[in-house]
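> Take this sequence and fold it.
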Amino acid sequence: MADRTLCTRASLTADLTRLGLAPGTTVLVHSSLKSLGWVCGGAPAVVLALADAVGPEGTVVVPTQSGEYSDPAGWQNPPVPESWWETIREHMPAYDPAVTPTAGMGRVADQLRTWPGAVRSAHPQVSFAALGARARELMEPHPLDDGLGPDSPLGRMAGSGAQVLFLGTGYATCTAFHLAEYRLPVTPRMTCGAPVRDASGERVWQQYTDVALDERDFTGIGMALERARHVTVGPVGTATARLFPMGEAVDFATGWMRRHRTVPKPS
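From the prediction side, this is the model:
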C-alpha cells in the first residue's frame, strides 16, 4: 500500500481539469478504476469527479454494452451447444435499460448506469448511459439497425462536439472508431438478434441487420491519431489519461480505414 497513490474526488477533478476536460463538455469515458490508484470512495467518487469537471451544463457518457444479449449462434467466448440456441432465443429476458447489466465495461461505467438521473439508451447490445444536461437528447433514440452509426447516440455525440476520455484504457476498445466503419463505401453487414420489448411491451426475439464491426486495427489507428497530435496525454491519479475530440478522431479513423482496409470482393 505504501507505494500506491491516494486519490479523492477533489484530486481527480483537479487532474481532469488540468488534462483539459472543461465545464460544459460532453465526454465519452472509457475507464479502468484500478489504474487510477487507491480511490477514496471507489467508483462513485470517480463519477462525481467527472461530473464536477464538466459541471452542470456538461454530460458524462459511458458505454454500457451487454454483448450477451445477442444471438447465441454467434457466441464464441464461450460458445454454447447448438441444441441450446432456440431455448435461449425463446427464454432470454428482454433487454431492460434499468436492470440489464453491462459486460466488461468496468466498475465506473456500471456505477454511472445506475446513478440517479442517468439515462440509458435502448439498444440491447451496444447501449450507452449518460448523466448530465444533454443526457436524454443524446441517448434517444437508439435504432436496432444503427447501433454505432450516425443515428445512434455515438453519432449524435460525434456531431455535437463531444470528447473521448480514456482513463487507463487504450485504443483497442475505442467505441468512437466504430462510427467510422459506417462511413466506408463498402461495409459488411450481418444479421443480428436480441430479446427486446415491442411497442405493446411484449417480449419478442427481434432479428435485424447492422454493420459487422471489426476493431482489430483500432490500436494502430489510435497510435496514428496520437502521432498526428490530436490527443492530449497526461496523468489522472496514477492512470495515463488521453483526451481527444470525437469528431476529429472519427474523421481521422475514416480516412485511415479508407486507405488501409481491404474492400471485400463481391461474392
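> residue ranges of the helices in this protein, please?
Here the chain has its helices, by DSSP state H, at 9-19, 42-54, 85-91, 107-113, 135-139, 153-158, 176-181, 218-227, 246-260.
> nearest to P195, of those?
Using CB to CB as the measure, helix 85-91 is the one of the helices of the chain that comes nearest P195, at 7.6 Å. (C-beta placed from N, C-alpha, C; glycine too.)
> Can you dump the C-alpha atoms of that closest one in CSV for me?
Presented in CSV, the C-alpha positions along helix 85-91 are these (Å, rounded to 0.1, in the frame of the first residue of the first chain):
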residue,chain,number,x,y,z
TRP,A,85,-29.9,-21.9,-29.3
GLU,A,86,-33.7,-22.0,-29.7
THR,A,87,-34.2,-22.3,-26.0
ILE,A,88,-32.0,-19.3,-25.4
ARG,A,89,-33.8,-17.2,-28.1
GLU,A,90,-37.1,-18.1,-26.5
HIS,A,91,-36.3,-17.5,-22.9
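> of all the helices of the chain, which lies closest to S200?
Nearest of the helices of the chain to S200, taken as CB to CB: helix 85-91 at 18.4 Å.
> who touches the closest one?
With CB atoms under 8 Å, 6 or more residues apart in numbering as the test, helix 85-91 has contacts from 71-73, 80, 193, 195, 205.
> Buried residues in it, which are they?
Using 16 or more other CB atoms under 10 Å as the test for burial, helix 85-91 gives 88-89.
> Distance from that helix to the middle of the chain?
Centroid separation for helix 85-91 versus its chain: 27 Å, with CA atoms, centre = their mean, to the nearest Å.
> And the average pLDDT for that helix is what?
Averaged over helix 85-91, pLDDT sits at 97.
> now stretch 105-113
Mean pLDDT, stretch 105-113: 97.
> can you list contacts of that stretch?
By CB under 8 Å, 6+ apart, stretch 105-113 touches 29-33, 42-44, 46-47, 60, 62-65, 101-102, 118, 120, 129, 131, 167.
> quick one on the thing from earlier: list buried members of the contacts of helix 85-91 by neighbour count.
71-72, 193, 195, 205.
> sorry, back to before: if we take the contacts of helix 85-91, which one ends up nearest to A94?
Using CB to CB, the contacts of helix 85-91 come closest to A94 at P195, 4.7 Å.
> Now for the closest one: which residues touch it?
Counting by CB under 8 Å, 6+ apart, P195 touches 69, 89, 92-95, 124, 203-206.
> before we move on, what about L12?
For L12, the contacting residues are 36, 39, 45-46, 49, 236-237, by CB under 8 Å, 6+ apart.
> Share the number of residues neighbouring the residue nearest to P97 when sequence neighbours are not counted, please.
With CB to CB, 6 or more residues apart in numbering as the criterion, P97 has its nearest non-adjacent residue at 3.9 Å, and that residue is R120. The tally of other residues near R120 (other CB atoms under 10 Å) stands at 24.
> Noted, bye for now.
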